[in-house]
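1. Quick check, what structure comes out for this input:
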Amino acid sequence: MKDVTGVNGVALAVFVFFFVAVTVMGFLAARWRKAENENSLDEWGLGGRSFGTWVTWFLLGGDLYTAYTFVAVPAAIYAAGAAGFFAVPYTILVYPLIFTFLPRLWSVSHKHGYVTTSDFVRGRFGSKGLSLAVAVTGILATMPYIALQLVGIQAVLDVMGVGGGETTHWFVKDLPLLIAFGVLAAYTYSSGLRAPALIAFVKDTLIYIVIAVAIIYIPIKLGGFDEIFAKAGEAYAQTNAAGAPRGALVPPEAKQWTYATLALGSALALFMYPHSITATLSSRSREVIRRNTTILPLYSLMLGLLALLGFMAIAAGIQVKNPQLAIPQLFETMFPDWFAGVAFAAIGIGALVPAAIMSIAAANLFTRNIYKDFIKPDATPAQETKVSKLVSLLVKVGALAFVLTMDKTVAINFQLLGGIWILQTFPALVGGLFTRWFHRWALLAGWAVGMVYGTVAAYGVASPTQKHFGGSSAEIPGIGEIGYIGLTAFVLNVVVTVVLTFVLKALKAPEGIDETSPSDYTADAPARTAKPDTDPQADPKVGAGAH
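-> Numbering: from 1, shown residues only. Model prediction:
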């Protein structure tokens, strides 16, 4: 129940309890599987490449199913109807896809000590320029994603009444977010990837509990799913000033291309994000990755149930100007205060875990593929680790500044743009895992064409609230249907890459040196014969990752 100041004291107390608990876990994580040689990116940025099946599963789940997912997927359903369900088929499509290439990436990365996707691209194609393009794209795409995690925390704090109203002094209003940011920055700096790996257990457990309760408890209070869908259908049938309906329970035929291309493009892009790869490379064996691709679809089941909350928010009569607040407001309205606190904690912690992994992944890209390749080629492992720690702080500061100074819709639109951008690294990364046929210059040209087309096309999309970057779909050239800009840009990218590869091979342009061999892509970790991490020279796992 809220007091006279508008603060839900009980929910806030429960939220703070869980927040303090995971903060303590975050700092204690530095001692979890502690290595004697901590001055390497393998230890700080990849958790010593030592995580087994369950830790990797929770880490990948915590990495991919974020606070933004928790808030934005049902918010899309709340605002526009079944079109928001595109997230469910794309997470189903992605797992057979990653089963084909992630084990290969893990093997070659383990063999050569690659920490980032750009490391692999540089080694495979002998091109620092292409490696730099992949690194810059990864950092650009990750920054607004981190910002959105902070937006998720801010949405929860707003619903709990923490921080005051719009007239409150900015420092007082944003103080809770600043505290959450400070805690996140401190334990990430201290513990590296071990912190989100440990906290992911708490985060995913809370989310599963909240969704299980919500999917049973809320429909009982609202009269059942028949009543929920009936009210949602009525709400979607209402038209706006332009005469267009709010949404639909089933996507209309005119929007089916948009739905299909968005699902396919998102599936191709998901594991191009640096944080997805960081979590993957932290596992201790190839078999762990293969096993995870078969059990991760459990999260898709959870996502489908989560999306239904958007219909429930409509049926419960939730009225918010910002759809991102619909689900936190639904929880506060429908749940007892103490369980609303548990739900808010699930969202809050669901922001901390991916934000930590994303900042580590972006820092690793800068350190390995900008600092080491172009600024200080003779950097020692200790220097690399120090730079990566500092950059992880700067990345979070940038994301925080983004959230505090810009409109929240801008953050969302930049994240949509990030998906368009990161998809353009697919030919170099996934293509390179299976063939050396593509020419490095052709890949760079294809990447540039995809980036320019995707950015310009997205800039030209208007929405009722803004002139530019108003969405991620536009007319597909030559087809006339509305489709996902990222997928169109990707097709152009591939066409340019293939055509230029033929041309450059005919001209006998230098191809660069491939430092990998075919057997590298199927290699597994050597059997451990001694206590892990005791002697960096004796332990083959550590030796493979050290530079």
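2. make it CA atoms for all contacts and neighbour counts henceforth
-> Will do.
3. so where's the protein uncertain?
-> Applying pLDDT under 70 to the chain picks out residues 1-6, 30, 32-38, 163-173, 240-243, 406-413, 464-465, 525-547.
4. Going along the chain, name the strands of the stretch 401-547 of the chain.
-> Secondary structure of the stretch 401-547 of the chain (DSSP state E, counting those that start in this stretch): strands located at 473-475, 482-484.
5. Deepest in the core, which of these is it.
-> strand 482-484 (a mean of 23; mean count of other Cα atoms under 10 Å).
6. what's it in contact with?
-> Here strand 482-484 makes contact (Cα atoms under 8 Å, 6 or more residues apart in numbering) with Lys255, Trp257, Thr258, Tyr259, Thr261, Leu262, Gly265, Ser472, Ser473, Ala474, Glu475, Ile476.
7. Give the buried subset of the residues you listed as a ChimeraX selection command.
-> Per 16 or more other Cα atoms under 10 Å, the buried members of the contacts of strand 482-484 correspond to this ChimeraX selection:
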select :257,258,259,261,262,265,472,473,474,475,476
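8. Next step: the contacts of strand 482-484 restricted to helices.
-> Assigned to helices by DSSP state H, the following of these qualify: Trp257, Thr258, Tyr259, Thr261, Leu262, Gly265.
9. Excluding chain neighbours, give the residue nearest to the first one in space.
-> Using Cα to Cα, 6 or more residues apart in numbering and skipping the chain neighbours, the partner closest in space to Trp257 is Gly483 (5.6 Å).
10. List the beta-bridge partners for the one you found.
-> Taking DSSP bridges, one finds Ala474 as the beta-bridge partners of Gly483.
11. hmm, back to that, can you lay out the strands of the stretch 401-547 of the chain as CSV showing distance to Trp44?
-> Formatted as CSV, these follow (distance: least, Cα to Cα, whole Å):
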stretch, distance to Trp44
strand 473-475, 39
strand 482-484, 37
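12. so which of these comes closest to Leu433?
-> Closest to Leu433 of the strands of the stretch 401-547 of the chain, according to Cα to Cα: strand 482-484, at 25.6 Å.
13. Give me the phi and psi for Arg246.
-> phi -60, psi -40 (degrees, to the nearest 10).
14. That one and Ala80 touch, don't they?
-> Yes - taking Cα atoms under 8 Å as the definition, Arg246 is a contact partner of Ala80 at 6.0 Å.
15. tell me, what's touching these two both at once?
-> The contact lists of Arg246 and Ala80 share Tyr236, where a contact means Cα under 8 Å, 6+ apart.
16. Out of the strands of the stretch 401-547 of the chain, which gets nearest to Phe51?
-> Closest among the strands of the stretch 401-547 of the chain, using Cα to Cα: strand 482-484, at 35.7 Å.
17. got the residue ranges for the strands in the stretch 101-250 of the chain?
-> Applying DSSP E, counting those that start in this stretch to the stretch 101-250 of the chain gives no strands.
18. Helices of that one, residue ranges please.
-> Per DSSP state H, counting those that start in this stretch, the stretch 101-250 of the chain carries helices over the ranges 117-125, 128-160, 170-191, 194-222, 225-237.
19. and of these, who's closest to Ile513?
-> Nearest of the helices of the stretch 101-250 of the chain to Ile513, taken as Cα to Cα: helix 117-125 at 6.2 Å.
20. right, and the helices of the stretch 101-250 of the chain - which one's nearest Gly348?
-> helix 128-160 (5.1 Å).
21. Off-centre distance for that closest one?
-> When C-alpha coordinates are averaged (Cα atoms, centre = their mean, to the nearest Å), helix 128-160 and its chain have centres 8 Å apart.
22. report the angle between the axes of that helix and helix 117-125?
-> In terms of direction (axes from the mean of the first three to the mean of the last three Cα atoms, to 10 degrees), helix 128-160 departs from helix 117-125 by 160 degrees.
23. okay, the angle between helix 128-160 and helix 170-191?
-> Going by the same axes, to 10 degrees, helix 128-160 makes 130 degrees with helix 170-191.
24. Centre-most residue in this structure?
-> Residue closest to the average C-alpha location in the chain (Cα atoms, centre = their mean): Leu64, at 5.0 Å.
25. what's that one in contact with, if anything?
-> Leu64 sits next to Ser276, Pro354 when contact means Cα under 8 Å, 6+ apart.
26. how near is it to Lys396?
-> As judged by Cα to Cα, to the nearest Å, Leu64 and Lys396 stand 18 Å apart.
27. for Met451, same thing?
-> According to Cα to Cα, Met451 stands 24 Å off from Lys396.
28. Kindly report the same for Trp57.
-> From Trp57 to Lys396 the distance is 25 Å (Cα to Cα).
29. same question, Leu303
-> Going from Leu303 to Lys396 by Cα to Cα gives 27 Å.
30. the more surrounded of the two?
-> Lys396 (25 against 21; other Cα atoms under 10 Å).
31. show me what contacts the nearest residue in space to Gly123 that is not next to it in sequence?
-> Nearest-residue entry for Gly123: Glu515, 5.5 Å, with adjacent residues in sequence omitted and distances by Cα to Cα, 6+ apart. Counting by Cα under 8 Å, 6+ apart, Glu515 touches Gly123, Arg124, Gly126.
32. And these, which is closest to Phe51?
-> Gly123 (24.9 Å).
33. Filter the contacts of Glu515 down to the buried ones.
-> Gly123, Arg124, Gly126.
34. Now distance to Ala212 too, for the residues you listed, in CSV please.
-> Shown next, in CSV, are the buried ones among the contacts of Glu515 (distance: Cα to Cα, whole Å):
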residue, distance to Ala212
Gly123, 46
Arg124, 45
Gly126, 50
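35. Return the closest of those with respect to Tyr189.
-> For these, the minimum distance to Tyr189 (Cα to Cα) is 28.6 Å, reached by Gly123.
36. circling back: right, so of the strands of the stretch 401-547 of the chain, which gets closest to Lys389?
-> Ranking those by distance to Lys389, with Cα to Cα as the measure, places strand 482-484 first at 35.8 Å.
37. how many neighbours does the residue nearest to Ile218 when sequence neighbours are not counted have?
-> Spatial nearest neighbour of Ile218, chain neighbours left out: Met334 (6.7 Å); criterion: Cα to Cα, 6+ apart. Using other Cα under 10 Å, Met334 has 17 other residues around it.
38. Next: Phe438.
-> Phe438 - counted by other Cα under 10 Å - has 22 other residues nearby.
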